[in-house]
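Undergrad: Okay, sequence plus prediction incoming.
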Amino acid sequence: MALPLLLRLTSSSSSSSPLRFRKPFRLLAYTLAYTFSTTSQPNPPPIRVSLTDSVGRAVFATRPILTGDLIHTAEPAICHPSPSSLHPVCYSCLASLPNQSTVSPFCSHRCHQRSKEYYDVEMKANWTDFDNYCRDKYLNSFQRNQGLKYPFLVKRLACMIISGVARSDSIDILQPANLTPEMILEMEEEFTLLRNAFTKALIEDEQIAFLTKQWYISVLARIRINAFRIELAGGGSYEDLLSSAFASVEAEAAVGNAVYILPSFYNHDCDPNAHIIWIDSAVAKLKTLRDIDEGEELRICYIDTSMDRDARRELLFRGFGFHCNCSRCLHGD
Ligand SMILES: C[S@@+](CC[C@H](N)C(=O)[O-])C[C@H]1O[C@@H](n2cnc3c(N)ncnc32)[C@H](O)[C@@H]1O
C-alpha cells in the first residue's frame with residue numbers, strides 16, 4: 001500500500017521547473033527536473049514516485065497506460081563503456097562508432113560539446129594503474145556482473161564533478177547496497193588508485209576535496225544496486241545486427257553501464273508490467289508491457305525471469321540484497 005505522497009509529477013508547475021515538490025525532497029526534485037528537462041517524452045510523464053510500506057519507494061501510474069506505450073525516457077546521470085566491449089562506442093552516449101574510428105571517441109558534435117569538459121579532465125590523468133586494477137579484477141571475477149566495472153562509473157562521475165557538470169551529491173538520493181567488510185577493503189584500494197591518478201595529474205586540492213574514502217564508498221554502494229547494464233536493441237543496419245549477435249556469443253554483449261535517477265525507483269517483478277530498453281544510445285526508454293490501470297505500481301525486471309524460482313531469488317538476494325516479494329515468487333512459481 002502506498003504511504004503519503006513523496007512526489008507527484010504535475011502539469012501545473014512553472015515552465016522552469018516541471019516538478020512541484022515538498023521541501024525535504026529538494027534534491028530528488030532537482031535531479032528529476034534535470035532528467036526531464038533534457039529528454040523528450042510524454043509531458044508530463046504519467047507517473048508518481050511514492051514511499052511504500054514494503055519496498056521503499058516505488059513508481060505508480062497516474063492514469064491508465066496502454067500496452068507498449070512509452071512511459072518516459074531518461075538520460076543517464078552517469079554512463080561508461082563496458083570494459084570488455086568488442087566495439088568502439090561513443091564516450092558520451094555509448095552509441096556505436098564505426099570500427100575504424102580512432103580519430104574521435106564521440107559520435108557527434110553534440111556529444112563532444114556536452115562532455116568535452118569532463119573528457120578533458122579524464123585525459124589529463126594517467127589511468128593505467130586504476131584501469132588495469134579494475135579490468136583485471138573484472139575479467140577474473142567469477143561472476144562478471146559483480147566485477148569491477150562499477151569503479152569506471154565512479155571515475156566518470158569524479159571527472160564530471162571536477163569539471164563542474166555534476167554535483168558530488170548527484171546520486172545521494174538512490175538506495176545504497178549493504179556492503180561487507182571485504183567489499184569495503186576492495187573499494188579502499190580502488191579509491192587510492194583513483195585519487196592518486198588525479199593528484200599526479202596536478203588537479204588542484206580544492207577540486208578534489210569531495211573525493212574522500214567515504215564519498216567513494218557511498219557512491220559505489222549506490223551504483224551497485226542501481227546501475228543498468230546497457231544492451232542496444234539496434235535499429236541500425238544488417239551489419240550492426242550481425243555484429244551484435246556475434247558480440248553476444250563471443251564476449252560481453254553490453255556496450256556499457258549507466259546510472260539513472262527516475263528509472264532507479266522502479267522495483268523488480270519476476271512478471272514485470274514495464275521494461276527499460278535502449279535503442280541506439282544510453283538514453284533509456286521505459287515502456288509498458290501490459291495495459292496499466294491508474295494507481296498500479298510499475299515494475300521492471302532486474303534479471304532473467306526464465307530461471308526457476310530458487311535461482312531467481314538467489315540471484316536477487318546476492319546481487320541486490322532483497323527477498324523478492326512479487327506475486328510470482330509469493331505463489332511459488
Ligand atoms: C533499484 S532500487 C528500487 C527502488 C527502491 N525501492 C528505492 O526506494 O530506492 C532496488 C531496491 O528496491 C527494493 N526492491 C525492489 N524490488 C523488490 C521486490 N520485488 N521485493 C522486495 N524488495 C524490492 C530492494 O530494497 C532493492 O534493493
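TA: On my side now, so go ahead. Numbering: from 1, shown residues only.
Undergrad: from here on, contacts and neighbour counts on C-alpha atoms
TA: Fine.
Undergrad: Helix, strand, or coil at the nearest residue to Phe265 once chain neighbours are set aside?
TA: Excluding the flanking residues, the one nearest Phe265 by C-alpha to C-alpha, 6 or more residues apart in numbering is Ala58, at 5.5 Å. What DSSP: H, G, I helix; E, B strand; the rest coil gives for Ala58 is strand.
Undergrad: Test my guess that Ala58 contacts Tyr266.
TA: Yes: the criterion here is C-alpha atoms under 8 Å, and Ala58 meets it with Tyr266 at 5.7 Å.
Undergrad: Would you mind naming what in the chain lies close to the ligand?
TA: 55-58, 174-175, 225-226, 264-269, 320-326 (C-alpha under 6 Å from any ligand atom).
Undergrad: so how far is the ligand from Ala254?
TA: 19 Å (C-alpha to the nearest ligand atom, to the nearest Å).
Undergrad: got the contact list for that residue?
TA: When contacts are counted by C-alpha atoms under 8 Å, 6 or more residues apart in numbering, Ala254 touches 82, 85, 229-232.
Undergrad: still on that earlier bit, shared neighbours of Ala58 and Tyr266, which are they?
TA: The contact lists of Ala58 and Tyr266 share Leu298, where a contact means C-alpha under 8 Å, 6+ apart.
Undergrad: Sort out which of the residues of the chain next to the ligand are in helices and list them.
TA: Using DSSP state H, the members of the residues of the chain next to the ligand that fall in helices are 225-226, 320.
Undergrad: tell me the SS of Lys287?
TA: The three-state assignment at Lys287 reads strand, by three-state DSSP.
Undergrad: cool, and Ser281?
TA: Assignment for Ser281 (three-state DSSP): coil.
Undergrad: from memory it sits against Tyr91, does it?
TA: No: the criterion here is C-alpha under 8 Å, and Ser281 misses it with Tyr91 at 10.8 Å.
Undergrad: Let me know how buried Arg299 is, in neighbour terms.
TA: Neighbour count of Arg299, defined by other C-alpha atoms under 10 Å: 24.
Undergrad: re earlier: give the bridge partners for the residue nearest to Phe265, please.
TA: Ser50 (DSSP bridges).
Undergrad: Including pLDDT and neighbour count, could the ones in helices among the residues of the chain next to the ligand go into TSV?
TA: Putting these into TSV (pLDDT from 0 to 100; neighbours: other C-alpha atoms under 10 Å) gives the following:
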residue	pLDDT	neighbour count
Ile225	93	18
Asn226	96	24
Phe320	92	17
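Undergrad: In a markdown table: the residues you listed, plus distance to Asp69.
TA: Listed next are those as a markdown table, based on distance: C-alpha to C-alpha, whole Å:
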| residue | distance to Asp69 |
| --- | --- |
| Ile225 | 27 |
| Asn226 | 24 |
| Phe320 | 28 |
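Undergrad: Flag every buried residue along the longest helix seen in the chain.
TA: Ranked by number of residues, the top helix in the chain under DSSP H is helix 181-200. Of the residues in helix 181-200, 187-188, 190-191, 193-198 count as buried by neighbour count, 16 or more other C-alpha atoms under 10 Å.
Undergrad: what do you get for stretch 86-103?
TA: 86-97.
Undergrad: Could you report the distance from the spatially most central residue of the chain to Asn273?
TA: The centre of the chain sits closest to Val259, judged by C-alpha atoms, centre = their mean, with a distance of 1.8 Å. Separation of Val259 from Asn273 (C-alpha to C-alpha, to the nearest Å): 21 Å.
Undergrad: Next: Thr62.
TA: Thr62 is 15 Å from Asn273, by C-alpha to C-alpha.
Undergrad: Strands of the stretch 1-150 of the chain, residue ranges please.
TA: Listed in chain order, the strands found in the stretch 1-150 of the chain under DSSP state E, counting those that start in this stretch are 2-9, 19-20, 47-52, 57-61, 70-74, 78-81.
Undergrad: Next, count neighbours for the closest residue to Ala177 other than its chain neighbours.
TA: Nearest residue to Ala177, sequence neighbours excluded (C-alpha to C-alpha, 6+ apart): Ala221, at 4.9 Å. Using other C-alpha under 10 Å, Ala221 is surrounded by 21 other residues.
Undergrad: give me the element Ala221 is part of.
TA: Element membership for Ala221 (DSSP states H and E) is helix 213-226.
Undergrad: Tell me the helices and strands packed up against that helix.
TA: Secondary-structure packing of helix 213-226 (3 or more C-alpha pairs under 8 Å, 6 or more residues apart in numbering; DSSP states H and E): helix 150-163, helix 181-200, helix 309-320.
Undergrad: Other residues contacting that helix?
TA: By C-alpha under 8 Å, 6+ apart, helix 213-226 touches 150-151, 153-154, 171-172, 174-179, 184, 187-188, 191, 259-260, 264, 319-320.
Undergrad: repeat that with 7 Å
TA: With contacts defined as C-alpha atoms under 7 Å, 6 or more residues apart in numbering, helix 213-226 is touched by 150, 154, 174-177, 187-188, 191, 259, 264, 320.
Undergrad: what is the rounded mean pLDDT of whichever helix or strand comes after that helix?
TA: For helix 213-226, the succeeding helix or strand toward the C-terminus, using DSSP H and E, is strand 227-230. Averaging pLDDT along strand 227-230 gives 94.
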